[in-house]
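Participant: turn this into a model:
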Amino acid sequence: MSSRQTFDKAIAVVLAHEGGYVDHDADPGGPTNYGISSAANPDVDVENLTREEAIEIYYERYWTGKGYDRLPDRIAIKVFDLAVNMGRNPAICCLQRALRAVGQTVTVDGVIGPETAGAAGMLCELAVIAALRSEAAGEYRVILVRNPDRAPFAAGWISRAYS
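Facilitator: I've put the predicted structure just below:
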């Protein structure tokens, strides 16, 4: 699959989780639409953002050149979905911890480099995804312990981790 084809599958997952415009007091990203936050994208009018504009922002700012295309498709899709919600570095660290959980020796540094991409490509995708789901759920639980004001998002985050 090409990088754009993988992205197209990934963005469908992201948009299913993110939905439309919200402005929740507990969200440090501020007003958000389709997961595009005003805090991370101050140049974007998120309230009036269209679905098509959001997709192009994701492709240009969050996918292209970030290394997701170096991963097997199913793993790339899952890591990208998590990165949109918890941040790129924590999501990649979850992947690296998942790779370690299934027996690979990789550095947990939040970078999709040759070591991480190579390890992910050598394994059964289903095994990595299962471990990644567990790591993501753990990461969300840590976020909630550190930020109890984000409790309104707990059920959605845990559901996203295991999806």
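
Participant: now do the strands in the chain.
Facilitator: 32-33, 36-37 (DSSP state E).

Participant: for residue 125, give its distance to residue 85.
Facilitator: As for residue 125, its distance to residue 85 is 21 Å (criterion: C-beta to C-beta, to the nearest Å). For the C-beta atoms, the positions are set from N, CA and C on the backbone; glycine is no exception.

Participant: give me the more crowded residue out of the two.
Facilitator: residue 85 (20 against 17; other C-beta atoms under 10 Å).

Participant: surely that one and residue 32 touch.
Facilitator: No: contact criterion C-beta atoms under 8 Å: residue 85 and residue 32 do not qualify, at 10.6 Å.

Participant: which neighbours do those two have in common?
Facilitator: By C-beta atoms under 8 Å, 6 or more residues apart in numbering, residue 85 and residue 32 have these common neighbours: residue 18.

Participant: make CSV out of the strands of the chain and add mean neighbour count, distance to residue 44 and mean pLDDT.
Facilitator: CSV is the format used below for those (neighbours: other C-beta atoms under 10 Å; distance: least, C-beta to C-beta, whole Å; pLDDT from 0 to 100):
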stretch, mean neighbour count, distance to residue 44, mean pLDDT
strand 32-33, 24, 9, 94
strand 36-37, 20, 6, 95
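
Participant: right, and the ones you listed - which one's nearest residue 66?
Facilitator: Nearest of the strands of the chain to residue 66, taken as C-beta to C-beta: strand 36-37 at 15.8 Å.

Participant: for residue 108, give its distance to residue 119.
Facilitator: Distance of residue 108 to residue 119, computed by C-beta to C-beta: 12 Å.

Participant: the two: who's more crowded?
Facilitator: Legend: neighbour count by other C-beta under 10 Å for residue 108 and residue 119, higher for residue 119 (20 against 14).

Participant: was I right about that one contacting residue 99?
Facilitator: Yes: in this structure, residue 119 is within contact of residue 99 by C-beta under 8 Å, at 4.8 Å.
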